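Q: Here is a sequence together with a model predicted from it:
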Amino acid sequence: MIEIKITEKMKKQAWAKSREMGVIRNSIMKGDGNIAGFLGEEVANVVIDGTISNTYDYDVVSKSGIKYDVKTKRCTSPPKPYYDCSVANFNTEQKCDRYVFVRIENKNKRWGRAWVLGWLEHDEYFKRARKLTKGQVDPSNGFVVRADCHNVAISELKEFTNYDLGSTK
């Protein structure tokens, strides 16, 4: 897990993209999560050091061509290894090589710290994931699931290394 400082430049870029996008179809947060999602892309790219592409299928492309879809959750405290990362059911067909997971601290409507939690290959993610359905109470944490999704614990993610950034497997 890598802690990243959120800069004013990141906030401004995320805010501009969020306003431009508006509410997207199938948004779990009804558009309220857009700024967090765009901020997550900025944060992930600090580690990946690629190009933010922002397509339906992926968000960041590494210099070696690896396509990452960034999944971001807001939080109020540092993430724990047993916390879950999620991919919504309507996102399972995205044509990315890897998912990268980010948590962004938001307290009192202020952005604080951010963490790049790790990554998994697209297919590996779904092999490891627990499938949950909307309205179900997740037995691991008591959270009421907002949309059908697939969850993996942070502890099951791979950590970034220089090798990972340049390799497709």
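A: Received it, and whenever you're ready, just let me know what you need.

Q: Quick one: residues contacting the most centrally placed residue in the chain.
A: With distances taken as C-alpha atoms, centre = their mean, the residue of the chain nearest its centroid is K71 (1.6 Å). With contacts taken as C-beta atoms under 8 Å, 6 or more residues apart in numbering, K71 has the following neighbours: G40, C85, S86, V87, Y99, V100, F101, V102. Where you see a C-beta, it was placed from the backbone N, CA and C, and this is true even at glycine.

Q: repeat for D97
A: When the contact criterion is C-beta under 8 Å, 6+ apart, the partners of D97 are Y58, I66, K67, Y68, E121, H122, T168.

Q: export the residues you listed to CSV and tack on secondary structure?
A: Below are the contacts of D97 laid out as CSV (DSSP: H, G, I helix; E, B strand; the rest coil):
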residue, secondary structure
Y58, coil
I66, coil
K67, strand
Y68, strand
E121, strand
H122, helix
T168, coil
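
Q: Please convert the buried members of the residues you listed into PyMOL selection syntax.
A: The following PyMOL selection, which keeps only the buried ones among these, applies the criterion 16 or more other C-beta atoms under 10 Å:
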select buried, resi 58+66+67+68+121+122
